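# below are the sequence and a predicted model for it; my questions follow.
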Amino acid sequence: MADPTYGIEHQKRREELLPAAYGTPCPRCGDVMLASDDLDLGHTIDHALDSHAVGDRIEHASCNRSAGAKLKSTLERYKPSRIW
Ligand SMILES: [Zn+2]
């Protein structure tokens, strides 16, 4: 499923990096990534931390999305309760 957060550049970059990623360990969980796995273009610098971060590596879709969701909820929790 296409992620509406990212544009065509993101999709293109994913297509470029995908072939070289097969058979290499996922940067998030360390398990080998297979052509049959659902793979995403991920970010070395998480998108939740830097909205200008560019996707630069392939990771399992499940690893990428759960890490993103976890980080987002952590950031919400530590958000200051008032504006200075
Ligand atoms: Zn993984």
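Perfect, thanks for sending it. As the structure is a prediction and not an experimental result, all values here were calculated from the model.
# and residue 51, how many residues sit next to it?
As a burial measure, residue 51 scores 7 neighbours (other CB atoms under 10 Å). For every residue, glycine as well, the C-beta is placed using N, CA and C.
# mind checking what secondary structure it has?
Residue 51 falls in the coil class when you classify it by DSSP: H, G, I helix; E, B strand; the rest coil.
# give me the pLDDT for residue 62.
At residue 62, the model reports a pLDDT of 97.
# right, I mislabeled it, should have said residue 78
Reading off the confidence values, residue 78 has pLDDT 87.
# which residues does it contact?
Residue 78 is in contact with no residue at all, counting by CB atoms under 8 Å, 6 or more residues apart in numbering.
# what about the helices in this protein?
Per DSSP state H, the chain carries helices over the ranges 8-21, 61-77.
# out of those, which comes closest to residue 46?
Residue 46 sits nearest to helix 61-77 of all the helices of the chain, at 5.4 Å, using CB to CB.
# do any residues in the closest one lie close to the ion?
Yes. Using CB under 5 Å from the ion, helix 61-77 reaches the ion at residue 63.
# so what secondary structure elements neighbour that helix?
Packing partners of helix 61-77 (3 or more CB pairs under 8 Å, 6 or more residues apart in numbering; DSSP states H and E): strand 39-42.
# contacts made by stretch 18-29 with the rest, please.
31-35, 39, 42, 44, 57-60, 63-64, 67.
# show me which of those are buried.
For the contacts of stretch 18-29, a burial check counting by 16 or more other CB atoms under 10 Å picks out 33, 39, 42, 57, 58, 59, 60, 63, 64, 67.
# can I get those in CSV with distance to residue 7?
Putting these into CSV (distance: CB to CB, whole Å) gives the following:
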residue, distance to residue 7
33, 23
39, 18
42, 16
57, 18
58, 18
59, 19
60, 22
63, 22
64, 17
67, 21
